[in-house]
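below: sequence and its predicted model.
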Amino acid sequence: MTLFNIVISLAALIILLYSILYTFNYLKKSKGRAGEKKTFFILNLIAKKRGGKLLTSVYLPLYRTLTEIDAIYIDKRGIVVCEIKNISGTLSGNISDRELIHVCKNKTHKMYNPGFQNSAHCANVVHHLKKGGFNGVPVYSAVIMANQDIRLALNGKQGKTGGFLFIEQIPAAVSRLPLPRKNADVNSIYRYLKSVRSKNPFKKLIHDLKPSFKGYNNV
């Protein structure tokens, strides 16, 4: 076998492996995708009304890996970092606990607190904003419950502009964001975050598959 044939065979094998893993990842994320679409639709309407911008499925660099953020909404009042959950049943526990209890169809399991998960996302966004010279831009966390069949039984106090939200509460929550001393430069922040997000399909796929094969929570 010639060197050319070996290279072609290896390339075909890599493409085949990537296709298999991509399909597996696509199917794995299909349940959450329905909730994301509903949320994106609402956030887009708000952005058009308020002169804001929306980034969806954003992969930002985090040390030597990536972090995936479901949605980043930007307007003159600041940035809302959104973690979207499309789960049903009951979610209970203390809002300050690392793990919450999720009960669905008589099955109970512990779930990593999405509020903690989104706090890490917010910190990552703040880090990149500082690197880009956007100091002092307010960044808020919103964990959005996109499924109408979810019941929250959470103890503890949530922030007025953050915490857990049902999908229908999004417009009111955005309108409650406090006015900063200086309006955020929406277009510049939007362009900057677009420029720093990862566009490498292999890195993004590896990031998505880590929880499936190594058993830890995605960030």
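Yep, that arrived.

the nearest residue to Asn118 once chain neighbours are set aside: which element?
Residue nearest to Asn118 in three dimensions, not counting chain neighbours: Glu83, with 4.0 Å by CB to CB, 6 or more residues apart in numbering. Using the backbone N, CA and C atoms, a C-beta is placed for each residue, glycine as well. Using DSSP states H and E, Glu83 sits within strand 78-85.

over to Ala153?
strand 150-155.

downstream of that strand, the next helix or strand is which one?
For strand 150-155, the following helix or strand on the C-terminal side (DSSP H and E) is strand 164-166.

just checking, what packs against that following strand?
Here strand 164-166 touches strand 139-145, strand 150-155, going by 3 or more CB pairs under 8 Å, 6 or more residues apart in numbering; DSSP states H and E.

is Thr67 in a bridge, and if so with what?
Legend: beta-bridge partners of Thr67 under DSSP bridges are Leu60.

please begin residue numbering at 27 from this point
Happy to do that; since the first residue is 27 now, the last one works out to Thr93.

and it, how many residues sit next to it?
Thr93 has 20 neighbouring residues, counting by other CB atoms under 10 Å.

least confident of the helices and strands packed on strand 190-192, on average?
Mean pLDDT values for the helices and strands packed on strand 190-192 show the minimum at strand 176-181, a mean of 92.

buried set for that one?
For strand 176-181, the neighbour count (16 or more other CB atoms under 10 Å) marks Ile176, Leu180 as buried.

partner strands of that strand, parallel or antiparallel?
Neighbouring strands of strand 176-181 in its sheet, by DSSP bridges, are strand 115-120 (parallel).
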